[in-house]
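> the following comprises the amino acid sequence and a computationally predicted model.
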Amino acid sequence: MKLIKAIVRPNMVDNIKEALGKLNIAGMTVTEVRGHGRQKGHTAVYRGREYEVSLLPKMEIEVVVPDGAVDEAIKAIIGAARTGEIGDGRVFVMPVEQGYNIRTGEKDV
Amino acid sequence: MSVCVPMAPLKGKDVDQSALRLRLTASLDEARRELIDATERGEGGRAALARHAECIDGIIRELVDAAHVHTQMPVAVCAIGGYGRKSQFLHSDIDLLMVFSAPIGRPEERFVKALLHPLWDLRFEVGHHVREIADFDRLDISNPEYLLALMDLRPLAGDRELTDRLQAVMRSSAAAWRPQILDALASLTDQRHSEFHDTLYQLEPDVKDGPGALRDVWATRMMLRLGGDRRRIVRGPSPDRLSDAEEFLMRIRSGLHADTGRNVNVLSYELQEKAVDRLRYAGPDIRHRVEALMTDYFKDARSVTRALGRVRRAALPPEPTPIQLIGENLMWVVEGITFADTQAALAAPADWLLAFDAAVSRNVPVADDALALMEREQQQRNYAPEVFHSTPEHQRRLLQFMRPRPGLSARLSEMRDCGLLGAIFPELNEIACRVTRDFYHKYTVDEHTLLTVRNAERLLNNPRFAPILREVHAPELLVLALLYHDVGKAREGDHSTVGADMALAMSRRLGLDDEATQIIDFLIRSHLKMSRIAFRRDTEEPEVVRQFASMFSTEEQLKMLVLLTLCDVGAVSPETLTPWKEELLWRLYVDAYNHMTLGYADDIIDRDQALVAALQANRPLDIPEADMARFLEGLPRRYLILFSQDAIYRHVRLARDIKPNEAHFFLEKKAEAWELTVVSLDKPFLFSNICGVLAYYGMDILRGHALTSPAGLALDVFQFADSDGFFERNSEGPNEFDRRLRDVVSGVTDVTTLLRSKEGSVLTRRALVRRTPVVHFDTGHSQRYTVLELVADDAPGLLHRVSRVISDRGIDVDLVLISTEGQKAIDVFHITRGGSKLSEDDEALLKADLERMLKETV
């Protein structure tokens, strides 16, 4: 199993959810986050006063998928979240040693 | 029905432990079965819980007797807390107090274990306290929960003499400890309520700890017991009402324990559906049955909350307040604001609002007797809404009352609870206790609505949004829009549209003018749009911002919508408005604001657009199609949404046959302010000169727009306050103003000379607040203009002087947006030199001139 963590634009979550749904990947955790990569934020001006927008609002999506579904899931996320502009986000993949269902206590296979 | 027979005493005798365990298990199983059966019949209330507690009493007595094999030291074993009150639910903890007559040694420790271990084996959750009687010589106030649990002490077993002694100590101590116990109870109650956002109107309420739930019933009784001087209690809670509410809540809670098999006390959506079957609610479908259950729940919880509030105010009165007469028929007493003469109050229901207004001003509640009087009277007479605002003065008073300030939502809650809010705004009755089942909302619709008003009050302390709220010219309209934004949820159809239609009736009743009516209508219809765009669309995309900004006719609408959105999202649940979401809303607001003010002039009217077609179609006969088209040529697109069709036709007429050095204008009184519309052919210093004439007569410019067309037509619209009362004091004032303006525009009179004559009077008035002025140039937002943003302390003649400095530098003023926030002037100038944006040198020189002028002026 792998944990896929994607940091994406806030407005892309529904697209990604739909794309993963088509792969029968239904479970996901979505968290509101703020940060920056190469996009690094910018300066905004309101009524003549400047203020720094260094941390940009993003959404973090976490899904755990079987090893065999990782490539397809990544492809789906990137396809759904890409605009081609700086700030589209990042995808990380990490190994998962074990997973359990809390209600039943069953171990994920 | 099983009967728990007292068991044979076995004091100090060895017993067969396994036989004892079997017997006790059977006895407990029987008690639990009986409670479950009663619960399933919908009878899991006070009597069933008491029988359950008594069966457990029997078990404990038998274990105490058996444990005496370890020590002969006198001991008193008592039930405390909920078990002490015999409110023993299926899976509740049992709280026990063991008090020994002398210092505790090894044998006594073995006694305690011999009592507790079998209870644990029987799967009881036991909260136990072991003390020596000497411990009760001094009050242990470090553990308030324990202190309060002791108040419900009930002897179960043990030495009679020691038990009598303990009870005597408790009786005498209760009187001595009263202040500490009351303080602890009040503090724990506040802490507990805060965990529920201080509202009982939870869609999935906790029937044990939530506001208005079982723990509050107990707190009310405890305060009544400890309340001391009962004469303070103006009108105690009806014992029957409190008892009925408790019985209802107990039956629900018993059901929760039976359904989940655990000590679960949250009446979730799923468990509500089970509860309606058990409590035999009738209705066409499950939704109606659940709504009926929850309506009963909220009514009972509200009774409990009000009873607790009354008892608490009596038991813990604030600092003694001398009785003060306020106004004609109001008094400020210990309990809050009340009527001095009840007969006079009954005769003038339209004046009831004054009590709430006085309460908001003093940050105190309206007294219970006054609330009860209004509730009773409204129930009996069923006043129509018009009774409460039959005259313009009453309407003005009501609007004034609705201005957001600390305490407003609390008073509105009182108005709701006593029925006055629903009498004034009957549409709100349709959402009373209304349940909306979705993933997000935590409160009933009416409570959510009042929480939005509370959020509006809290925005006054928000460093980002408080200035925006202060800038809004009619914040009472924001509160009215908040009160009505969800009323449509009571009916079929899109609730934004339905709610806007329902609000229209209210606006008419209150005699609101067209502008105010349209703002409320716009806010209700649009109340979901900003959050949808901010949270779901890519707001980095300029087109998204452009489309969003095109919703608004004025910056005022944008400001009100962002405030309404914040208040609305924040009232969905405590967790909904995260700093992340607030940031997204702020950014969308800033981008839209900048688009509207800085990119204003770039978006030119397209002759094919629908609004132009509508203008042409509805054109009065005296305006030829070509004149209409020529007038609109090159004007910003926002012009069409900023002004009504009638206003635009008037502008066209004013522009007719205009000649150089002429000014055609129109002056009219609009509510509290005046509006001046001037059409002329553009020339240097024109804008500055018009502002100078207004300054000469002491007029405070509140807001306005100035724009020019490529054909050289200048249109200036100013809203101003006649602060010195020139028009009021002089019947010939408007005529003199008319002559003066024509002379100045034509060049017959030099406005600078004119103003010099006023030096030492109007123009030298100083602003009370000194802020560092902001002079900022933006060259990015507009393709054709340099945009100058100026934020400074407002002062008479400021706009004239600023625009004169600009014109002195040979710079053209093409478009101006004028607004004020209290004593702060916020002006945006779109400027060019020779038809192009300013160079960096031009900017630097102009900035230096402006800063020098501002420094000298203020």
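Received, thanks.
> from now on I want contacts and neighbour counts done on CA atoms only, so please keep to that.
Will do.
> so which bits of stretch B:631-642 are buried?
B:631-640 (16 or more other CA atoms under 10 Å in any protein chain shown).
> quick one: terminal-to-terminal distance for it?
16 Å (CA to CA, to the nearest Å).
> show me the buried residues of stretch B:631-642 that map onto helices.
B:631-632, B:638-640 (DSSP state H).
> tell me which of those has the lowest pLDDT.
Within these, the minimum per-residue pLDDT falls on B:Arg638 (81).
> identify the residue spatially nearest to the residue in the stretch 451-600 of chain B that chain A sits nearest to, adjacent ones excluded.
When scored by CA to the nearest CA, the stretch 451-600 of chain B has B:Arg536 as its residue closest to chain A, at 4.4 Å. Nearest non-adjacent residue to B:Arg536, counting by CA to CA, 6 or more residues apart in numbering or on different chains: A:Asn11, 4.4 Å away.
> the one helix or strand A:Glu32 maps to: which residues count as buried?
Element membership of A:Glu32 [criterion: DSSP states H and E] is strand A:29-35. Buried positions in strand A:29-35, judged by neighbour count with 16+ other CA under 10 Å: A:Val33.
> please see if that strand touches chain B.
Yes - Strand A:29-35 lies within reach of chain B by CA under 8 Å from any CA of the partner chain, at A:32-34.
> what's next to that strand, contact-wise?
Applying CA atoms under 8 Å, 6 or more residues apart in numbering or on different chains, the set of residues contacting strand A:29-35 from outside is A:54-63, B:580.
> pLDDT added to those residues, as CSV?
CSV is the format used below for these (pLDDT from 0 to 100):
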residue, pLDDT
A:Ser54, 71
A:Leu55, 79
A:Leu56, 82
A:Pro57, 86
A:Lys58, 90
A:Met59, 94
A:Glu60, 96
A:Ile61, 96
A:Glu62, 96
A:Val63, 96
B:Trp580, 89
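> give the contact list for B:Arg537.
Contacts of B:Arg537 (CA under 8 Å, 6+ apart): A:10-11, B:544.
> what of B:His128?
Counting by CA under 8 Å, 6+ apart, B:His128 touches B:95-98.
> rewinding a little: identify the farthest-apart pair in the buried residues of stretch B:631-642.
Greatest spacing in the buried residues of stretch B:631-642, by CA to CA: B:Phe631 and B:Arg638 (14.5 Å).
> any buried residues in the lowest-mean-pLDDT helix or strand in chain A, and which?
Using mean pLDDT, DSSP states H and E, strand A:49-53 stands out as the lowest-scoring helix or strand of chain A, at a mean of 75. Using 16+ other CA under 10 Å as the test for burial, strand A:49-53 gives A:Val53.
> contact residues of chain A facing chain B?
A:9-12, A:32-34, A:46-49, A:57.
> still on that earlier bit, if you rank the contacts of B:Arg537 by neighbours, which is first?
Most neighbours among the contacts of B:Arg537, by other CA atoms under 10 Å in any protein chain shown: A:Pro10, with 23 neighbours.
> ok, now which ones touch that residue?
Taking CA under 8 Å, 6+ apart, we find A:Pro10 in contact with A:57-59, B:535-538.
> now list the buried members of these.
Neighbour-count burial (16+ other CA under 10 Å) applied to these gives A:57-59, B:535, B:537-538.
> tell me how many other residues surround B:Ala168.
Residues near B:Ala168, counting by other CA under 10 Å: 12.
> in contact with the closest residue in space to B:Val126 that isn't next to it in sequence: list those residues for me.
Residue nearest to B:Val126 in three dimensions, not counting chain neighbours: B:Ile94, with 5.0 Å by CA to CA, 6+ apart. By CA under 8 Å, 6+ apart, the contact list for B:Ile94 reads B:79, B:82-83, B:88, B:124-127.
> what angle do the strand or helix carrying A:Glu60 and strand A:29-35 make?
Secondary-structure element containing A:Glu60, defined by DSSP H and E: strand A:56-65. If you take axes from the mean of the first three to the mean of the last three CA atoms, to 10 degrees, strand A:56-65 sits at 150 degrees to strand A:29-35.
> strand A:56-65: how far from the chain's middle?
Distance of strand A:56-65 from the chain centroid (CA atoms, centre = their mean, to the nearest Å) equals 3 Å.
> now for that strand, which elements pack on it?
Applying 3 or more CA pairs under 8 Å, 6 or more residues apart in numbering or on different chains; DSSP states H and E, we find strand A:56-65 packed against strand A:2-8, strand A:29-35, helix B:579-598.
> in the stretch 601-750 of chain B, which residue sits closest to chain A?
B:Arg703 (15.8 Å).
> ok, how many other residues are close to that residue?
Neighbours of B:Arg703 (other CA under 10 Å): 19.
> what's the answer for B:Val745, then?
24.
> so who does it touch?
B:661-663, B:686, B:689-690.
> give me the three-state assignment for it.
Classification of B:Val745 by DSSP: H, G, I helix; E, B strand; the rest coil places it in helix.
> related to what we said a few turns ago, can you give me the angle the strand holding A:Glu32 makes with strand A:2-8?
Using the same axes, to 10 degrees: strand A:29-35 against strand A:2-8 is 50 degrees.
> right, and the helix or strand after strand A:29-35?
In N-to-C order, the element after strand A:29-35 by DSSP H and E is strand A:42-46.
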